[in-house]
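> below is the sequence, then the predicted model.
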Protein chains: 2
Amino acid sequence: MGNGATRMGYREIADELRQEIDSGQLKPGEKVPGENDLMTKYGVEQPTARRALDVLKNEGLVIAKRGSGTYVREFRPIRRVSPDRLKTVVWGTGRSIWSADLGIRPLAQGTEVTTEPAPSIVAHVLGLEEGTAVIVRRRTFAVEDKPVQIATSYYPAYLVEGSAITQANTGEGGSYARLAELGHKPMRFREELRTRMPREHERQTLDLAQGTPVVEIVRTAYTNEDLPVEVNLMVLDGASYVLEYKFSADD
Amino acid sequence: MGNGATRMGYREIADELRQEIDSGQLKPGEKVPGENDLMTKYGVEQPTARRALDVLKNEGLVIAKRGSGTYVREFRPIRRVSPDRLKTVVWGTGRSIWSADLGIRPLAQGTEVTTEPAPSIVAHVLGLEEGTAVIVRRRTFAVEDKPVQIATSYYPAYLVEGSAITQANTGEGGSYARLAELGHKPMRFREELRTRMPREHERQTLDLAQGTPVVEIVRTAYTNEDLPVEVNLMVLDGASYVLEYKFSADD
């Protein structure tokens, strides 16, 4: 097969497969031809077939499943809605563009709490001098054992000392309820987002397929008096989330 | 040089270079060793040197500049602040974690306006029957000739017919001012975000380096009566933006 045809390069083979995915001929979740299939179909050597599949993996169009083959990527995201997640009164309007598993809620795993000198970036955001003691809470969030988020929260130590925020289990209502009891209720939030490819340790922790970017979110929580009381550095599996923000023209 | 050393594979070479970037030995904007440098230093063949650099390009750590070499990626983002951009009264608190060129404002280029049958996804969000006529405004936004965003806005045709929204130039205050004059002032907004690697036409339009993800934003604008009056599908160069959202616990 294909022996009489013009020999194709890996780019042309990738183009053909991409076209089949774009046109819906190959659907999300479907198996794509493997190296052997491509070698036979296009009459190419293994390195060419492998490189063609590699292009599509880096584009995030297909993902390899160990010992099983390569599949068209599916996007079934977790929906993370702000400010709903952080407020009392919920308002909602209209229909969403991406379907999402609204019922799914990632669960925290293995929280680690330490006291550390504030790294410069954290000191900057919290308005502390570099090296001031901060309480650090590190945890990953997972859905059915698949880690989807790495989160690290920092609190000025002088603010939260002696409270359950320094314990693995922060108790009913979590750290925001404890901050409120301490007279530092978080009332305003700023989230800063960027996207990038993962660092090696993030790729491993989140078990990310090739061609999967991460979203980095930095959330700072402020009291009504504009005192920053927490900064949370989050790294999210980009293939697992839709982030939703709702706001009014007169907010 | 290096001829007597153990022959390294492309992964090990990539690991060493990554380590130099992570440690700050190689700084943002600095030139990284080229293929020839790596061949000499590690005593490897060109394909191995090329593959090592390719790993770092796909990780977004380095970018190739045509005819010049490979450089450590710099992140100097445009800051896009919500809801400030869409409201009258501005409140701001605290310090940002990423420095950004606040003064930079991407400019729209070559707006194209057409009337088309609503694609199913747009019809779904706007609450229209599929195929209902919509006004479509397509444009790219650029900073100093570098395209950073592709945006396509859809309006129900029956709502905006005869207004300047159907013209390339929407006039003072833009399409939201025109909607307000028509009695359909946008008052509530929903933005849904996801990240992924770019499709081929997006990579070309936005002139994206290897290893650069995009952010897809779908913004829907609603009147006070919860009538959806616009849906805007945006694709942003992930290496050019920080997205900031501010909200209150009592929003």
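Thanks, I have it. Numbers count the residues shown, from 1 in each chain, chains lettered A, B, ... in the order given.
> quick one: the helices in chain A, in order.
Listed in chain order, the helices found in chain A under DSSP state H are A:10-22, A:35-42, A:46-58, A:120-126, A:157-160, A:174-181, A:200-205.
> tell me what the fourth one is packed against?
Right, the one you point to is helix A:120-126. Applying 3 or more Cβ pairs under 8 Å, 6 or more residues apart in numbering or on different chains; DSSP states H and E, we find helix A:120-126 packed against strand A:146-156, strand A:214-222, strand A:228-237. The way it works is simple: take the backbone N, C-alpha and C, and place the C-beta from them, glycine included.
> can we see that at 10 Å?
Packing partners of helix A:120-126 (3 or more Cβ pairs under 10 Å, 6 or more residues apart in numbering or on different chains; DSSP states H and E): strand A:133-143, strand A:146-156, strand A:214-222, strand A:228-237.
> what's the answer for the shortest one, then?
Judged by 3+ Cβ pairs under 10 Å, 6+ apart, helix A:157-160 is in contact with strand A:107-117, strand A:133-143, helix A:174-181, strand A:228-237.
> what's the most buried one of those?
strand A:228-237 (a mean of 23; mean count of other Cβ atoms under 10 Å in any protein chain shown).
> what average pLDDT does that strand get?
Per-residue pLDDT over strand A:228-237 has a mean of 96.
> that strand vs strand A:214-222, what angle?
With axes from the mean of the first three to the mean of the last three Cα atoms, to 10 degrees defining the directions, strand A:228-237 sits at 170 degrees from strand A:214-222.
> partners of strand A:228-237 in the sheet?
Strand A:228-237 has its sheet partners listed here by DSSP bridges as strand A:146-156 (antiparallel), strand A:214-222 (antiparallel).
> deepest-packed of these, please.
Of the strands paired with strand A:228-237, strand A:214-222 is the most buried (mean count of other Cβ under 10 Å), at a mean of 23.
> quick check: angle from it to helix A:174-181?
Orientation check (the same axes, to 10 degrees): strand A:214-222 against helix A:174-181 gives 10 degrees.
> dump strand A:214-222 to PDB, restricted to CA.
Presented in PDB, the C-alpha positions along strand A:214-222 are these (Å, rounded to 0.1, in the frame of the first residue of the first chain):
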ATOM      1  CA  VAL A 214      -1.400  24.800  32.500                       C
ATOM      2  CA  VAL A 215      -3.200  27.800  33.800                       C
ATOM      3  CA  GLU A 216      -1.400  29.600  36.600                       C
ATOM      4  CA  ILE A 217      -3.800  31.500  38.900                       C
ATOM      5  CA  VAL A 218      -2.700  33.800  41.700                       C
ATOM      6  CA  ARG A 219      -5.500  34.700  44.000                       C
ATOM      7  CA  THR A 220      -5.100  37.400  46.600                       C
ATOM      8  CA  ALA A 221      -7.800  37.800  49.300                       C
ATOM      9  CA  TYR A 222      -8.300  41.200  50.900                       C
END
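> let me see the mean pLDDT of that strand.
Mean predicted confidence for strand A:214-222 is 96.
> distance of the nearest residue to A:Glu74 once chain neighbours are set aside relative to A:Phe141?
Leaving aside its chain neighbours, A:Glu74 sits nearest to A:Pro28 (4.3 Å; criterion: Cβ to Cβ, 6 or more residues apart in numbering or on different chains). Taking Cβ to Cβ, to the nearest Å as the measure, A:Pro28 and A:Phe141 are separated by 24 Å.
> re earlier: save the helices of chain A as JSON lines, and put in mean pLDDT too.
Shown next, in JSON lines, are those (pLDDT from 0 to 100):
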{"stretch": "helix A:10-22", "mean pLDDT": "94"}
{"stretch": "helix A:35-42", "mean pLDDT": "95"}
{"stretch": "helix A:46-58", "mean pLDDT": "92"}
{"stretch": "helix A:120-126", "mean pLDDT": "92"}
{"stretch": "helix A:157-160", "mean pLDDT": "96"}
{"stretch": "helix A:174-181", "mean pLDDT": "92"}
{"stretch": "helix A:200-205", "mean pLDDT": "93"}
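> B:Glu45 is nearest to which of these?
Of all the helices of chain A, helix A:46-58 sits nearest to B:Glu45, with 13.9 Å by Cβ to Cβ.
> returning to that earlier point: okay, the strands paired with strand A:228-237 in TSV with distance to B:Val231 next?
Converted to TSV, the strands paired with strand A:228-237 look like this (distance: least, Cβ to Cβ, whole Å):
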stretch	distance to B:Val231
strand A:146-156	27
strand A:214-222	22
